[in-house]
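[1] structural data only, the sequence is not supplied:
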């Protein structure tokens, strides 16, 4: 679904609600106000709901925002603000749940017309917050690499590749919106938000304040429980990500690669450095005059203008699993006829401790009395000598080790019956992986991958994914692990 069709559908629903409130309930005071209430209310309920299905996804998106804000503010005279963002990042899931619940409840308040003045100001505040967030992301497209966001004098022409956060996350993984579209959407919402504040007395009220209060507080409690259920206890019950159960990742990746290979360059966006004017030069003309436009003192090539790929790129195109030396093991999952039980952990926080100890080491000397070249020189024991050695001790989170050990019975049975086991963890070294294998007793191939990719595959940390022939047969949250016999009877036939 596109943003255009979504807005159209919500507009139809809002029109039906407006007619019902006006002609059946006769509670409206203004057709325009009732339509705006219905439209914005339904929009916020829907956009909040698709995020409530996967609150962990929104938390990951907020971590991206906070990381970018920290980088931007740390290079300015008000760098004292920068330390706030790592703190917010550490509680990103709390921030995510709070924002999602607030968004949906605000939509309910708009539909009900609950406490009009309060609702109007809350809606205005949230829309302003969203506008700042998406506006910042969009405008980073004008900020070249190595230039701080607040260094306005060095902004250049817009390049989508300049943006660190390329998707606003407004509709979770249901619809991917580029920041420019998200920003314009939020700018458009500023108009009804200002109208609500200026004309809050015209808002319809479906119920009295007491009944509406019960609905508002009740829905808040239910939504908090719903959000928690969708990441604490289980994987999202509706999966909008490309790595859903039953998805043939190998086929999808090939289709995306083929679609990208078919993309053609139609023109180049070029900046005249003398006048500052940006022009669009057709591909054929550019190739004929390549020498002219290659003069980097007169021209700057901003970007290639290409045809749209028939299939948009997703994280599937970035699916890559390697060992700790960078050797590609992706085909272990995409082109493997065997069942592979993949244990995934996007990132694990652990501590290290350097332990020094004294060991005895033998000292030898070479016997120089032998005639050179007749026999290899012999070594003669001289003495024992104390030697200090250092060893890195890894301290793993107790809960993480416990979660991994809960998977061990499944993995042991899988190996015993000829299946494969892999453990893929983001951001650790081979030394750490070896220590983890000793700590958990889990046998298998230990690998690594980009943590954002692994977060896209599964929200549970750790989680379990069953692969075969490039297809994800099933994913399991760490708190929803079945018995091996159940897995065998259902998926290993």
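    Received, thanks. Just so we're clear, the structure is a prediction, and the values are computed from it rather than from any experiment.

[2] bridged to residue 272, which residues?
    Partner residues in beta bridges with residue 272, using DSSP bridges, are residue 299.

[3] mind listing what's buried in stretch 25-42?
    28, 30, 33, 34, 35, 36, 37, 38, 39, 40, 41, 42 (16 or more other Cβ atoms under 10 Å). All C-beta atoms are positioned from the backbone trio N, CA, C, and that covers glycine.

[4] same question but for stretch 139-154, I mixed them up
    Neighbour counts over stretch 139-154 (16+ other Cβ under 10 Å) mark 139, 140, 141, 142, 143, 147, 149 as buried.

[5] ditto for stretch 191-198
    Buried positions in stretch 191-198, judged by neighbour count with 16+ other Cβ under 10 Å: 192, 193, 195, 196.

[6] could you pull up the residues touching the residue lying closest to residue 339 once chain neighbours are set aside?
    Taking Cβ to Cβ, 6 or more residues apart in numbering as the measure, residue 339 lies nearest to residue 419, with 4.4 Å between them; neighbours along the chain are not counted. Listed by Cβ atoms under 8 Å, 6 or more residues apart in numbering, the contact partners of residue 419 are 338, 339, 340, 341, 492.

[7] looking at these, which has the most residues close by?
    Across the contacts of residue 419, neighbour numbers were computed from other Cβ atoms under 10 Å; residue 341 holds the maximum, 23 neighbours.

[8] now do the host helix or strand of it: which elements does it pack against?
    If you go by DSSP states H and E, residue 341 is part of strand 340-345. When contacts are defined as 3 or more Cβ pairs under 8 Å, 6 or more residues apart in numbering; DSSP states H and E, strand 340-345 sits against helix 331-334, helix 398-416, strand 420-425, helix 451-457, strand 463-468.

[9] now the shortest one, how far from the centre of its chain.
    This points to helix 331-334. Using Cα atoms, centre = their mean, to the nearest Å, the mean C-alpha position of helix 331-334 is found 23 Å from that of the whole chain.

[10] buried sites along it?
    Buried residues in helix 331-334, defined by neighbour count with 16+ other Cβ under 10 Å: 332, 333, 334.

[11] closest to residue 298 among those residues?
    Proximity to residue 298 was ranked across the buried residues of helix 331-334 by Cβ to Cβ; first place goes to residue 334, at 46.5 Å.

[12] where does that closest one land on pLDDT?
    In this model, residue 334 is scored at 95, pLDDT.

[13] for it, what are its contacts?
    The neighbours of residue 334, taking Cβ under 8 Å, 6+ apart as the test, are 249, 250, 253, 319, 470.

[14] just give the nearest non-adjacent residue to the second one, would you?
    Spelled out, it's residue 250. residue 470 (2.6 Å).

[15] how about residue 307: what's its closest non-neighbour residue?
    Distances taken as Cβ to Cβ, 6+ apart put residue 264 closest to residue 307, at 5.0 Å, once the chain neighbours are dropped.

[16] go on, residue 196?
    Setting aside the residues directly before and after it, residue 196 is nearest to residue 120 in space (Cβ to Cβ, 6+ apart), at 3.7 Å.

[17] can you get me a residue count around the one you found?
    Other residues near residue 120 number 24, with proximity taken as other Cβ under 10 Å.

[18] how near is it to residue 203?
    From residue 120 across to residue 203, the span is 7 Å (Cβ to Cβ, to the nearest Å).

[19] my guess is residue 347 meets residue 462, correct?
    No - checked against Cβ atoms under 8 Å, the pair residue 347 and residue 462 is beyond contact range at 10.5 Å.

[20] if we can go back for a sec, could you name every residue contacting both of residue 120 and residue 203?
    Both residue 120 and residue 203 are in contact with residue 196, where contact means Cβ under 8 Å, 6+ apart.

[21] hang on, the earlier thing: pull the most distant pair out of the buried residues of stretch 25-42.
    Using Cβ to Cβ for every pair in the buried residues of stretch 25-42, the one that comes out farthest apart is 30 and 42, at 17.9 Å.

[22] tabulate the contacts of residue 419 (CSV), appending pLDDT and distance to residue 233.
    CSV is the format used below for these (pLDDT from 0 to 100; distance: Cβ to Cβ, whole Å):
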residue, pLDDT, distance to residue 233
338, 95, 31
339, 96, 26
340, 97, 26
341, 97, 22
492, 90, 25
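
[23] now, among these, which is nearest to residue 402?
    Distances from the contacts of residue 419 to residue 402 were compared by Cβ to Cβ; the smallest belongs to residue 341, at 18.6 Å.

[24] can you map out the helices along the stretch 201-350 of the chain?
    Using DSSP state H, counting those that start in this stretch, the helices of the stretch 201-350 of the chain run over 209-228, 249-261, 283-288, 290-293, 331-334.

[25] only the buried residues of the fourth one, if you could.
    In other words, helix 290-293. Judged by neighbour count (16+ other Cβ under 10 Å), helix 290-293 contains these buried residues: residue 293.

[26] mind putting the helices and strands packed on strand 340-345 in CSV, distance to residue 353 included?
    Formatted as CSV, those follow (distance: least, Cβ to Cβ, whole Å):
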stretch, distance to residue 353
helix 331-334, 33
helix 398-416, 16
strand 420-425, 20
helix 451-457, 24
strand 463-468, 28
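
[27] what sits against the residue nearest to residue 196?
    The contact partners of residue 120, by Cβ under 8 Å, 6+ apart, come to 193, 196, 197, 200, 203.

[28] next one: residue 429
    For residue 429, counting by Cβ under 8 Å, 6+ apart, the contacting residues are residue 324.

[29] for the stretch 251-400 of the chain, which spans come out with low pLDDT?
    Counting by pLDDT under 70, the low-confidence segments of the stretch 251-400 of the chain come to 355-361, 363, 366-377, 380-383, 388-390.

[30] who are the contact partners of residue 131?
    Residues counted as contacts of residue 131 (Cβ under 8 Å, 6+ apart) are 183, 186, 187, 189, 190.

[31] thinking again about what came up before, from the contacts of residue 334, pick the one nearest residue 396.
    The shortest distance between residue 396 and any of the contacts of residue 334, using Cβ to Cβ, involves residue 319 and amounts to 26.8 Å.

[32] longest helix of this structure?
    helix 116-139 (DSSP state H).

[33] avg pLDDT for that one?
    93.

[34] quick one: distance of that helix to the chain centre.
    When C-alpha coordinates are averaged (Cα atoms, centre = their mean), helix 116-139 and its chain have centres 22 Å apart.

[35] how far off helix 209-228 does it point, in degrees?
    What separates the directions of helix 116-139 and helix 209-228 is an angle of 30 degrees, with axes from the mean of the first three to the mean of the last three Cα atoms, to 10 degrees.
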